[in-house]
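Pasting the sequence and the predicted coordinates here, then a few questions.
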Amino acid sequence: MANIEQHLSLFIPRVHYSQKKDDVRTVFESLDLGVIKRIDIVVPGMKHDPHMELEETIETLPDPLPLFNMAFVHYTSWNTDNENAMRLYKQVIENDEEVRIVYDDQQHYYKVYKNKTPKSDEQYELEQAFMEQQRIIKALRAELEVYKAKETEWFRYY
């Protein structure tokens with residue numbers, strides 16, 4: 001396996017809604033598969049930036065909220081010195097198979113697949129810039145409403 005793909009992206013179709021990026025990161029870092037670039041948690045059916053923290057106020061959440069989200073684990077490099085990492089690479093990347101990774105004492109597991117449609121770094125950065133602009137616009141609109149309310153109050157006295 002001399003020519004292995006280094007910038008891998010793994011797909012987990014079901015991650016319990018209570019689990020955050022750090023929870024997924026802890027599991028995957030403990031496996032020593034490689035260097036993680038980022039982890040994206042996506043709420044199925046949500047119309048928003050998939051990279052936004054789920055704790056933020058989001059007005060477009062599906063109702064009712066799903067019990068499971070999706071996760072994408074993106075790597076900058078793969079650990080070719082780790083036998084388990086190479087076994088997972090062969091199964092998921094080369095053979096396009098499912099791998100189950102147990103993450104707790106109750107034997108809960110992630111079903112892991114190759115992400116067949118990873119976003120480029122450029123696309124991710126553009127989405128991040130767009131969402132930051134959206135957050136700024138939202139904050140400015142809220143600030144404008146405060147000024148409008150003060151203006152209305154000020155005109156009452158004159």
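Looks like it came in fine.

quick check: longest strand of this structure.
Counting residues, the longest strand found in the chain (DSSP state E) is strand 68-78.

Output the contacting helices and strands for that one.
Packing partners of strand 68-78 (3 or more Cβ pairs under 8 Å, 6 or more residues apart in numbering; DSSP states H and E): strand 9-16, helix 21-30, strand 34-42. To be clear about C-beta, it is placed using only N, CA and C from the backbone, and glycine gets the same treatment.

just the angle between that strand and strand 9-16, please?
Counting by axes from the mean of the first three to the mean of the last three Cα atoms, to 10 degrees, strand 68-78 lies at 150 degrees to strand 9-16.

for the residue nearest the centre of the chain, which residues make a bridge with it?
Geometric centre of the chain, nearest residue: Asp40, 1.1 Å, by Cα atoms, centre = their mean. Assessed by DSSP bridges, Asp40 has beta-bridge partners Phe72.

I'd assumed Asn115 was in contact with it.
No - the criterion here is Cβ atoms under 8 Å, and Asp40 misses it with Asn115 at 9.7 Å.

what residues are shared contacts of those two?
Counting by Cβ atoms under 8 Å, 6 or more residues apart in numbering, the contacts common to Asp40 and Asn115 are Phe72, His74.

residues touching the residue nearest to Lys21 when sequence neighbours are not counted, list them.
Counting by Cβ to Cβ, 6 or more residues apart in numbering, the nearest residue to Lys21 once its immediate chain neighbours are dropped is Ile39, at 4.6 Å. By Cβ under 8 Å, 6+ apart, the residues touching Ile39 are Lys21, Val24, Arg25, Phe28, Ala71, Phe72, Val73, His74.

Helices along this structure, start to end?
Taking DSSP state H to define them, one finds helices in the chain at 21-30, 83-88, 121-156.

So for the second one, what gets flagged as buried?
Of the residues in helix 83-88, those buried by neighbour count under the rule 16 or more other Cβ atoms under 10 Å are Ala85, Met86, Leu88.
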